[in-house]
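# Provided below are the primary sequence and the corresponding predicted coordinates.
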Amino acid sequence: MVTRFQSLTRQRGVAYFWALLMVLFVTLGLGKLLEDVARSNQRTREAELLYTGNLYRDAIRQYWQSTPIGAKPYPEKLENLLRDPRYPVIRRYLRRLYPDPVTGNAFLPISAPDGGVMGVRSASTRKPVKVVGFRANQTTFAAARSYQQWEFTYAP
């Protein structure tokens, strides 16, 4: 017959095992939650990148369309979108130079063949999450392997 003391010694460590198992499950759940939050943040930054990049594209388009005869059609630098030096009155195409939402730094300018800036792009080498559902003028974004390949340019 088994005494009371012997049955207790056989069960020793069971509570410790269940506690470790619960810690494992909680850790796995938190890891999945943090991964989902990081993915959601990246999607938000992607949406901001698309919005801000299109602001730059539209500003360069407006600059190009309002070019007086004899002037270069593209801005020499991005700061010219804040105040157009070709006119005596203040003409603004952007309120400020917006930073790249993915990196937090300034956008990289894309040079036009004839000089000036014809667009911007991100400096980030991260892989995009979004691969479908782009605008008609952004169909090349679907094949991009990094945000650097998302180029927001205006070419008439």
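Thanks, I have it.

# how close does Glu76 sit to Leu94?
15 Å (C-beta to C-beta, to the nearest Å). Bear in mind the C-beta positions are built from the backbone N, C-alpha and C, glycine included.

# the more surrounded of these two?
Set Glu76 next to Leu94 and count neighbours by other C-beta atoms under 10 Å: Leu94 wins out with 20 against 11.

# What residues does the more buried one make contact with?
Leu55, Tyr56, Ala59, Leu81, Leu82 (C-beta atoms under 8 Å, 6 or more residues apart in numbering).

# OK, contacts around the second one?
Spelled out, that is Tyr56. Counting by C-beta under 8 Å, 6+ apart, Tyr56 has contacts Leu78, Leu81, Leu94, Tyr98, Phe107, Gly119, Val120, Phe152.

# do the fourth one as well
Contact analysis of Leu81 by C-beta under 8 Å, 6+ apart lists Tyr56, Ala59, Ile60, Tyr63, Pro75, Arg92, Tyr93, Leu94, Leu97.

# Sort out which of these are buried, if you could.
Among the contacts of Leu81, those classed as buried by neighbour count (16 or more other C-beta atoms under 10 Å) are Tyr56, Ala59, Ile60, Tyr63, Pro75, Tyr93, Leu94.

# which sections of the protein are below the confidence cut-off?
Low-confidence segments of the chain, defined by pLDDT under 70: 1-12.

# Tell me where the protein has strands.
108-111, 117-121, 151-153 (DSSP state E).

# Please state the offset of the shortest one from the chain centre?
Right, strand 151-153. 14 Å (C-alpha atoms, centre = their mean, to the nearest Å).

# Repeat that for stretch 86-106.
18 Å.
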